[in-house]
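# sequence plus the predicted model coming up.
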Amino acid sequence: MAATYEPIATTTLGSSQSSVTFSSISGSYTDLIAVFNGSNDGTTQYFLQVGNGSIDTGSNYSTTVLDGNGSSAASGRYTNDTVGIRADYYATGGGNKKMSIFQLNNYSNSTTYKTVLVRSALPATEVVATVGLWRSTSAINIVRFTCTSGYYETGSTFTLYGIKAA
């Protein structure tokens with residue numbers, strides 16, 4: 001079965017911001033792909049929050065993170081988290097370009113919890129693999145890229161794609 005990516009929305013920051021939100025997401029796709037390409041100020045980790053109608057900031061997120069830098073590895077487990085699905089493990093220096101791809105599987109299903117797979121890279125420094133869970137049976141129709149403190153830097157790009165199964 002072939003799948004096609006359909007661009008839904010893109011935002012490029014003209015100034016620093018602590019979050020970027022995509023709302024009113026149609027439930028007509030199989031999965032969603034959310035992509036961050038840019039940098040943050042380096043004092044904070046960044047996350048993806050989701051919801052139905054509004055962003056869920058309750059303790060309904062769990063994340064397992066695996067991180068490697070070529071000479072060492074680290075892992076972390078976060079349960080009953082309120083900040084969202086974690087994209088990175090360390091808050092590494094500001095101005096460093098990063099890329100994260102979030103795959104929201106079966107996001108419009110209203111009978112199961114939602115799984116999110118994340119691949120992140122800070123070129124020449126670290127790679128991160130994450131699996132996250134949003135413990136809600138609600139369909140996802142809003143997503144927000146956010147920092148716990150600090151901000152995404154000017155020029156950072158955020159894109160949301162829908163995947164339609166052919």
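Structure received. Residues are numbered from 1 along each chain as shown.
# can you show me the strands along this protein?
Applying DSSP state E to the chain gives strands spanning 3-12, 19-22, 31-38, 46-51, 61-68, 73-81, 85-86, 98-105, 114-122, 126-134, 142-147, 157-165.
# pick the most deeply packed of these.
With neighbours defined as mean count of other CB atoms under 10 Å, the strands of the chain peak in mean count at strand 85-86, which reaches a mean of 27. Where C-beta positions appear, they are placed from N, C-alpha and C, glycine not excepted.
# direction included, what does it pair against?
Note on strand 85-86: by DSSP bridges, its sheet partners are strand 46-51 (antiparallel).
# what angle separates the strand it pairs with from strand 31-38?
On the basis of axes from the mean of the first three to the mean of the last three CA atoms, to 10 degrees, strand 46-51 is oriented at 150 degrees to strand 31-38.
# so what touches strand 46-51?
Outside strand 46-51, the residues within contact range by CB atoms under 8 Å, 6 or more residues apart in numbering are 34, 36, 40, 55-57, 61, 83-88, 100, 102, 104, 107, 114, 116, 118, 132, 134, 138, 140-148, 152.
# cool, stretch 8-22 as well?
Counting contacts by CB under 8 Å, 6+ apart, the residues outside stretch 8-22 that touch it are 25-26, 32, 34, 38, 41, 55, 142-147, 149-162.
# now do that stretch: distance to the chain's middle.
Its chain's average C-alpha position is 13 Å from that of stretch 8-22, according to CA atoms, centre = their mean, to the nearest Å.
# how long is it end to end?
Terminal residues of stretch 8-22 are spaced 9 Å apart (CA to CA, to the nearest Å).
# and the average pLDDT for it is what?
Across stretch 8-22, the average pLDDT comes to 97.
# what of stretch 131-146?
Averaging pLDDT along stretch 131-146 yields 97.
# give me the distance between the two termini of it.
Criterion CA to CA; first-to-last residue distance in stretch 131-146 is 17 Å.
# likewise for stretch 140-160?
13 Å.
# same question, stretch 41-50
Length of stretch 41-50, first residue to last, CA to CA: 23 Å.
# pLDDT of it, averaged?
Across stretch 41-50, the per-residue pLDDT values average to 83.
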